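Visitor: give the three-dimensional model of this entry:
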Amino acid sequence: MKKYEPLVVDGELKEVSVMNKLPTKVKIIDVIYDIVYFDKPSEVDVLGRESYWGCIDFWTKTIRVYRTEKFSDMEVMNTILHEIIHGICYKLQIDQIDKHADKEKIVHLLATGLNAVLNDNPELFFEVVKWTSLKK
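Guide: Purely as a prediction, here's the structure:
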């Protein structure tokens with residue numbers, strides 16, 4: 001995992017673009033995924049059939065993300081988080097829960113998975129907290 005530059009300079013909060021500091025790996029529960037960025041949304045789909053902003057491949061353990069300067073840092077991070085949640089659902093088999101299952105069980109499983117990802121990738125999520133504080 002890359003180390004990120006601090007956003008506080010001389011006591012002032014400064015906005016730093018993540019576009020050059022995007023994560024290249026993330027641990028989801030007990031699986032490490034490579035994060036790969038593409039300039040064209042059609043390259044995100046491994047089979048080249050669709051144009052996606054993001055895609056997680058459970059076989060190759062890769063998260064593929066469309067990146068463009070037109071997207072804000074938060075849009076790119078939202079795509080990464082979206083794919084991480086897919087990974088949590090896959091690993092915890094949330095997609096196999098009965099459609100009429102207790103919603104609290106689903107929420108509990110997602111919270112458990114997200115907590116694990118946050119604990120295993122503190123640098124990534126520390127940056128998200130700092131970026132959101134810039135918007136206030």
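Visitor: just the buried positions in stretch 107-114, please.
Guide: Buried positions in stretch 107-114, judged by neighbour count with 16 or more other CB atoms under 10 Å: 109, 113-114. Heads up, the C-betas are built off the backbone N, CA and C, glycines and all.
Visitor: which one of these is nearest to K70?
Guide: In terms of CB to CB, no member of these lies closer to K70 than L114, at 28.0 Å.
Visitor: got a markdown table for the buried residues of stretch 107-114, with pLDDT, distance to K25 and secondary structure too?
Guide: Below are the buried residues of stretch 107-114 laid out as a markdown table (pLDDT from 0 to 100; distance: CB to CB, whole Å; DSSP: H, G, I helix; E, B strand; the rest coil):
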| residue | pLDDT | distance to K25 | secondary structure |
| --- | --- | --- | --- |
| L109 | 85 | 23 | helix |
| G113 | 86 | 17 | helix |
| L114 | 85 | 17 | helix |
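Visitor: so I56 makes contact with I88?
Guide: No: I56 is beyond contact range of I88, at 10.2 Å (criterion: CB atoms under 8 Å).
Visitor: now the helices for this structure?
Guide: Counting by DSSP state H, the chain has helices at residues 73-91, 103-120, 122-134.
Visitor: and these: which comes nearest I97?
Guide: Comparing the helices of the chain under CB to CB, the one sitting nearest is helix 103-120, at 6.2 Å.
Visitor: just to revisit the earlier point, V46: which of the buried residues of stretch 107-114 is nearest?
Guide: Among the buried residues of stretch 107-114, and counting by CB to CB, the member closest to V46 is G113, at 23.6 Å.
Visitor: can you check which strand is longest in the protein?
Guide: strand 31-38 (DSSP state E).
Visitor: partner strands of that strand, with direction?
Guide: The strands that strand 31-38 pairs with in its sheet are strand 25-28 (antiparallel), strand 62-66 (parallel) (by DSSP bridges).
Visitor: the helices of the chain into CSV, with extra columns for distance to I97?
Guide: Below are these laid out as CSV (distance: least, CB to CB, whole Å):
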stretch, distance to I97
helix 73-91, 10
helix 103-120, 6
helix 122-134, 26
